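*Asks:* What shape does this take:
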Amino acid sequence: MTMTTASTWSALKNPAFRKLWAASLVSGTCVAAHDTAATWVMNTLTASPFLISAMSTVASLPFLFFTLPAGALADIVDRKKLLLLMNLWLAIAAAALAVLSWLHLLSTQVVLVAVFLIGVGFAFESPAWTSIIPEIVSTSELPSAATLGGLQLSISGILGPALGRFLLPFIGASSVFAVNAACFLAVIFAIFLWKRTVPQSRRGLESFFDSFVRAIRYVRYAPGIQIVLARNALFALFISAIPALMPVIGLKVLHLNASQLGLLFTSQGVGSVAGAVVIVPWLRARYSSNLLIVIANFLVAIVYVLMALVREPEIFYVVAALAGVGWTLSAAELWVAAQRAMPSWVSGRMNATVIMVSQGALAIGGVIWGSAVTTAGPAYSLLAAAALLLVSLVLAGPLSIDFTGGLNLSPAPVTSSSYKLLYTPKPNDGPVSICVEFNIDRVRAPEFLKLMRDVRLIHLRNGAYRWQLSKDLTVPSTYRLEITVPSWNEHLSQLARMTKFDKDLLERAWSLHVGENLPAERIYLSMNKDLRLPR
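*Replies:* So this is what the prediction gives:
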């Protein structure tokens, strides 16, 4: 399947994206140097392979616990302010680790706690950061932004370990941690200078709890998001063997020193850059997203076999580069699919959900592969990971992400309703019920019912808590639809949340109504609270 795509670099023509991308590159480089220093410090503090592999698990756990609440925050508070606050948190956490290192107070527990706290900062930052990208770039620039996002991580993965490799012998881990803290301050300055061209939409009376619940409800009634989440979980579960086992093999099997450890991570970054700049655009122009991910996962399985067998450091660096290629190919396509499958009004929460599922699977995978390496050894653990990854590819067909390429989830124009109100209810008045009566030709009834299955999902994920379609027993061609939302404000919000894809599907269902006029539509306000007896 041939795919058309924008240039890898097209998003950099956008000034706002270019500045934030550059700030991310600088910060990511410092973070990668910090991670290299932290891994080396852990190696000097313990001989346990499990504790070294546990660092990747501890880094992922905050995403499992905090990302969904962070996504709710990203949709109801100013994302710019949230990003500023979280980068300040990250700067403080990195600076505290530097101070403890200077005072010679580091232990395995302190390092793991520091890794966890930095993970908390990234967990709260990631949904807001991911959600502002579609706000900054155009739809045509989105694949480029996805590739450049992965490329930024890859370049940071090259420069950061190289910087750590150079600085560790001269200034020590303490100073590397301090440099990372300073880089977070630089990011704060870049975010502060960013000026929005379009104000962030607001949810009105939506509370944090309501926002959180709506995220769960949206996932429940959005099959497309469910597929994206499933593919991200599978990918993360198996790719977690790389961060969990590669440092273990490098430090405990190949006996690399601090400089060589930095070169190992740099090699992986070089592979990621090659994948983002050369391989991803070439494959996108020729194959579907789903097939591209299958190819990437097959490459990762080969990498695991090589990691299990190769014991020459120079060749192992090449294997690490191939790991970077496979990781970048899959991650970039899954990110684009996720952005295409979520509307803007819930993007913060859905990005948080994707991150939470991915990082949760990374954490679980880290525990699995870390435990396996302590019992079966690294070689057998990696061969098992390769075999299981190949078996999981049978799910690529039923869980294909190619459907996201045809979605149009941009907001639809809000049209006036057919009913005329005598007065406007207050925002909290409710529940509110919208009733629609259809007259459907008996021959087209199966087609109508099939469309209404999708209509039901649209209304439920956009705010309705009750949806019912009934058939008139006296006039079999008559159907009555009742949609109930908790309040008048929620009814207005539901209308505003409609996407062009939703609108097109509703119009197809409504077009099956037989008659000169549109289906009869009425709206009701519940009076139950007025019927309660006074005490």
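*Asks:* Please, where are all the helices along the stretch 1-150 of the chain?
*Replies:* 15-45, 49-76, 79-102, 108-136, 142-193 (DSSP state H, counting those that start in this stretch).
*Asks:* pLDDT averaged over stretch 15-24 - what is it?
*Replies:* Here stretch 15-24 scores 83 as its mean pLDDT.
*Asks:* err, stretch 81-96, not the other one
*Replies:* On average, stretch 81-96 scores 91.
*Asks:* Run through who's touching it.
*Replies:* Under the criterion CB atoms under 8 Å, 6 or more residues apart in numbering, residues 34, 73-74, 114, 117-118, 120-122, 124-125, 128-129, 132, 177-178, 180-182, 184-185, 187-188, 191-192 lie in contact with stretch 81-96. All C-beta spots, glycine's among them, are computed from the backbone N, C-alpha and C.
*Asks:* Name the residues of it that come out as buried.
*Replies:* By neighbour count on 16 or more other CB atoms under 10 Å, the buried set for stretch 81-96 is 82-87, 89-91, 93-96.
*Asks:* Tell me the one among these nearest to residue 496.
*Replies:* Nearest to residue 496, judged by CB to CB, of these is residue 82 at 22.5 Å.
*Asks:* Show me what whichever strand or helix holds residue 215 packs onto, helices and strands only.
*Replies:* Counting by DSSP states H and E, the element that carries residue 215 is helix 208-220. Contacts defined by 3 or more CB pairs under 8 Å, 6 or more residues apart in numbering; DSSP states H and E place helix 208-220 against helix 49-76, helix 223-239, helix 347-375, helix 445-461.
*Asks:* same thing but 10 Å
*Replies:* helix 49-76, helix 223-239, helix 347-375, helix 445-461, helix 488-496 (3 or more CB pairs under 10 Å, 6 or more residues apart in numbering; DSSP states H and E).
*Asks:* Turn the ones you listed into JSON lines, including distance to residue 27.
*Replies:* As requested, these are exported to JSON lines (distance: least, CB to CB, whole Å):
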{"stretch": "helix 49-76", "distance to residue 27": "16"}
{"stretch": "helix 223-239", "distance to residue 27": "23"}
{"stretch": "helix 347-375", "distance to residue 27": "18"}
{"stretch": "helix 445-461", "distance to residue 27": "35"}
{"stretch": "helix 488-496", "distance to residue 27": "35"}
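*Asks:* Which one of those helices has the poorest average confidence?
*Replies:* Among those, helix 49-76 scores lowest, at a mean of 79.
*Asks:* Helix 15-45 and that helix, what's the angle between them?
*Replies:* Calculated by axes from the mean of the first three to the mean of the last three CA atoms, to 10 degrees, helix 49-76 forms an angle of 150 degrees with helix 15-45.
*Asks:* Measure how far helix 49-76 is from the centre of its chain, please.
*Replies:* Relative to its parent chain, helix 49-76 has a centroid offset of 12 Å by CA atoms, centre = their mean, to the nearest Å.
*Asks:* packing partners for it?
*Replies:* By 3+ CB pairs under 10 Å, 6+ apart, helix 49-76 packs against helix 15-45, helix 79-102, helix 108-136, helix 208-220, helix 241-248, helix 347-375, helix 378-392.
*Asks:* could you redo the last one with a cut-off of 8 Å?
*Replies:* helix 15-45, helix 108-136, helix 208-220, helix 241-248, helix 347-375.
*Asks:* Could I get the buried residue list for that helix?
*Replies:* For helix 49-76, by 16+ other CB under 10 Å, it's 49-76.
*Asks:* What subset of the contacts of stretch 81-96 is buried?
*Replies:* Going by neighbour count (16+ other CB under 10 Å), the contacts of stretch 81-96 have 34, 73-74, 114, 117-118, 120-122, 124-125, 128-129, 132, 177-178, 180-181, 184, 187-188, 191 buried.
*Asks:* quick one on the thing from earlier: adding distance to residue 328 as columns, could you present the helices of the stretch 1-150 of the chain in TSV?
*Replies:* Formatted as TSV, the helices of the stretch 1-150 of the chain follow (distance: least, CB to CB, whole Å):
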stretch	distance to residue 328
helix 15-45	14
helix 49-76	18
helix 79-102	24
helix 108-136	17
helix 142-193	5
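*Asks:* Need the residues that contact the helix holding residue 215.
*Replies:* Under CB under 8 Å, 6+ apart, the answer for helix 208-220 is 68-69, 71-73, 75-76, 203, 206, 225-226, 229, 346, 349-350, 352-353, 460-461, 463.
*Asks:* what do you get for stretch 25-40?
*Replies:* Residues contacting stretch 25-40 (CB under 8 Å, 6+ apart): 52, 55, 94, 97, 111, 114-115, 152-153, 155-157, 159-161, 163-165, 167-168, 173, 176-177, 179-180, 182-184, 186-187, 247, 251, 258, 261-262, 265, 269.
*Asks:* buried stuff in it?
*Replies:* In stretch 25-40, counting by 16+ other CB under 10 Å, buried: 25-40.
*Asks:* What of stretch 431-447?
*Replies:* Result for stretch 431-447 [16+ other CB under 10 Å]: buried residues 431-436, 438, 440.
*Asks:* ok, so of those residues, who is nearest residue 397?
*Replies:* Among those, and counting by CB to CB, the member closest to residue 397 is residue 440, at 34.6 Å.
*Asks:* if we can go back for a sec, distance between the helix holding residue 215 and the chain's centre?
*Replies:* 16 Å.
*Asks:* just the angle between that helix and helix 49-76, please?
*Replies:* 110 degrees.
*Asks:* mean confidence for helix 208-220?
*Replies:* 79.
*Asks:* Stretch 176-189 too?
*Replies:* On average, stretch 176-189 scores 89.
*Asks:* got the contact list for that stretch?
*Replies:* Against stretch 176-189 from outside (CB under 8 Å, 6+ apart): 23-24, 26-27, 29-31, 33-34, 36-38, 84, 87-88, 90-92, 94-95, 97-98, 101, 164, 167-168.
*Asks:* Apply 7 Å and report the result again.
*Replies:* 23, 26-27, 30-31, 33-34, 37, 84, 87-88, 90-91, 94-95, 97-98, 101, 164, 167-168 (CB atoms under 7 Å, 6 or more residues apart in numbering).
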